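[1] any chance you can model this:
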Amino acid sequence: MLTKTFGSAVQGVNAYTITIEVVVSQGTNFYVVGLPDNAIKESQQRIEAALKFRGYRMPRTKVVVNMAPADIRKEGSSYDLPIALGILHGSQQLNTERLPEYIIMGELALDGALRPIKGVLPIAIQARKEGFKGFVLPKANAREAAIVNNLDIIPVETMQEAIDFFEGRLNIEPLVLDTRDIFQHEANQYAADFADVQGQENIKRALEIAAAGGHNVIMIGPPGAGKTMLAKRLPTILPALTMLEALETTKIHSVAGKLGTNASLLGTRPFRAPHHTISDVALVGGGSNPQPGEISLAHNGVLFLDELPEFKRTVLEVMRQPLEERRVSISRAKVSIDFPANFMLIASMNPCPCGYYNHPEKECVCGPGVVQRYLNKVSGPLLDRIDLHVEVTPVTFDQMTETRKSETSHDIQLRVEKARALQATRFAKFPDIFSNAMMPPQMVKDICEIDAAGRTLLKTAMERLGLSARAYDRILKVARTIADLAGTEEIRIEHLAEAIQYRSLDREGWAG
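    Numbers count the residues shown, from 1 in each chain. Now for the predicted structure:
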């Protein structure tokens, strides 16, 4: 008897429906065909144990499971439940005609309980698109799938519950969530706040400019100056996630299995801080079945690289193209997958190996040329993609013990959102440009016009400070953002002057 159930395979951040055909006929042995991996081939043992535990029998005849289309590789243990239900129906132990109406996914424990799976959100989106009535899945994943409306989300805890549901003995009400209410409740719920930071007003200002224009930042300073603490608070002043951005971000985290159980729509911007021992594949994504890397998990949020020179050179260099294109392409022999990677890069580093070069009180013990060699670990092309270079100095005792309350993240965020609103109007005709940092060079000339006094100042600064040619466009972009924060249409001389000071690493002789 031929039985059909339907599952789904996730490639990249998209899902593809898989037809699972089961034939129980005369003969012996259990066969799974259609490009399954080892986890699927091992499903026979899990299914057999679960069926026996729940009082059903595994057919002692020939069982063929075909997973179509056969040219797409299927991976993981999430096909256990649809295969098990197909075997029960094919051996006439399950009496129902409703199996083809639902996408069915779930990993079986040996006692028939269901374990959570990855990639539920894209599977639910595809199921609704293809007109399925509902989605039967482990209860732990139900809230994530319920983000998608117009699809019956049927949460089950055991294989027996799924059997009883299909045979009509158990009525399971579809899980329905008010996605917008959840989103509004969880939006901007950050544990950190800029109000916790004493002093460092110049660094706060630099991060406000970075958030307002979508600029990448590098902070240079001695250990203990507060670089990491400030970086962790950057997401709190970025504009609140839109519903579309939240769906995109949740989808990526779902595919990577980072949402956890009973999770729903993400309401805050992601903050990813990988250790400096990370591999290039873990950073940009990849593997035999390509998975999103840290730069994609930071999509619509912040990627923080602490101690930047300690990262392997190859790891930093693979970021150069994604920083420009806002996406990363993973190519394999049979498939090419694009992952979104629209993130803000914030990096921190010590100025030298000992950490105290240019320190106001402590003396640097590094030998001649050591500082420059340390800085050279970060390549010029990568620095070229970082708009703001900020020098961080230690906080004094008086600043740490100050009783005056600092400005909150919400207050700063309101100014950032006003500046982003101006940019949204400015770039309304350009669908791929959302902020000043994304302007191509030809657009900079038109949008970042400066007067004669500004040109004189910029020329003098480049000559006297020894600024490199690559600093020119970056200074104009940052000046445009500063003008947006000030609410002025023209870039004034004070805006340029402030932008110029954020090019520390471009100055000749900065490292001695």
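
[2] all strands of the stretch 351-500 of the chain, in order?
    Assigned by DSSP state E, counting those that start in this stretch, the stretch 351-500 of the chain shows strands spanning 388-391.

[3] for residue 50, see how far away residue 61 is.
    Remark: distance between residue 61 and residue 50 (Cβ to Cβ, to the nearest Å) = 19 Å. Heads up, the C-betas are built off the backbone N, CA and C, glycines and all.

[4] those two: which is more packed in?
    Counted by other Cβ atoms under 10 Å, residue 61 and residue 50 do not tie: residue 50 has more neighbours, with 25 against 14.

[5] for the more buried one, give me phi and psi.
    In terms of degrees, to the nearest 10, the main-chain angles of residue 50 are phi -70, psi -40.

[6] who's in contact with it?
    Each residue near residue 50 by Cβ atoms under 8 Å, 6 or more residues apart in numbering is listed here: 80, 84, 108-112, 159.

[7] mark which of those residues are part of strands, please.
    Within those, membership in strands is found for residue 108, as judged by DSSP state E.

[8] just give me the closest of the contacts of residue 50 to residue 4.
    Using Cβ to Cβ, the shortest approach to residue 4 within the contacts of residue 50 belongs to residue 84, at 14.3 Å.

[9] any idea how far residue 20 is from residue 503?
    With distances taken as Cβ to Cβ, residue 20 is found 59 Å from residue 503.

[10] that should have said residue 124, apologies.
    For residue 124, the distance to residue 503 equals 47 Å [Cβ to Cβ].

[11] now residue 484
    Distance from residue 484 to residue 503, counting by Cβ to Cβ: 19 Å.

[12] same check on residue 186?
    Using Cβ to Cβ, residue 186 is found at 38 Å from residue 503.

[13] likewise for residue 116?
    Using Cβ to Cβ, residue 116 is found at 48 Å from residue 503.

[14] the two - which one has more neighbours?
    Shown here are residue 116 and residue 503; by other Cβ under 10 Å, residue 503 has more neighbours (25 against 21).

[15] now do the phi/psi pair for that one.
    With angles defined as degrees, to the nearest 10, residue 503 sits at phi -120, psi 50.

[16] give the contact list for residue 138.
    Contact partners of residue 138, counting by Cβ under 8 Å, 6+ apart, are 105-107, 114-117, 155-157.

[17] now with 6 Å?
    Residues near residue 138 by Cβ atoms under 6 Å, 6 or more residues apart in numbering: 106, 114, 116.

[18] also residue 152?
    Counting by Cβ under 6 Å, 6+ apart, residue 152 touches 133-134, 174.

[19] and if we set it to 8 Å?
    With contacts defined as Cβ under 8 Å, 6+ apart, residue 152 is in contact with 102, 133-135, 174.

[20] spatially nearest residue to it (excluding sequence neighbours)?
    Closest residue to residue 152 apart from its sequence neighbours, by Cβ to Cβ, 6 or more residues apart in numbering: residue 134 at 3.1 Å.

[21] mind checking the pLDDT average for stretch 135-146?
    Throughout stretch 135-146, pLDDT has a mean value of 94.

[22] over to stretch 194-203?
    Averaged across stretch 194-203, pLDDT comes to 86.
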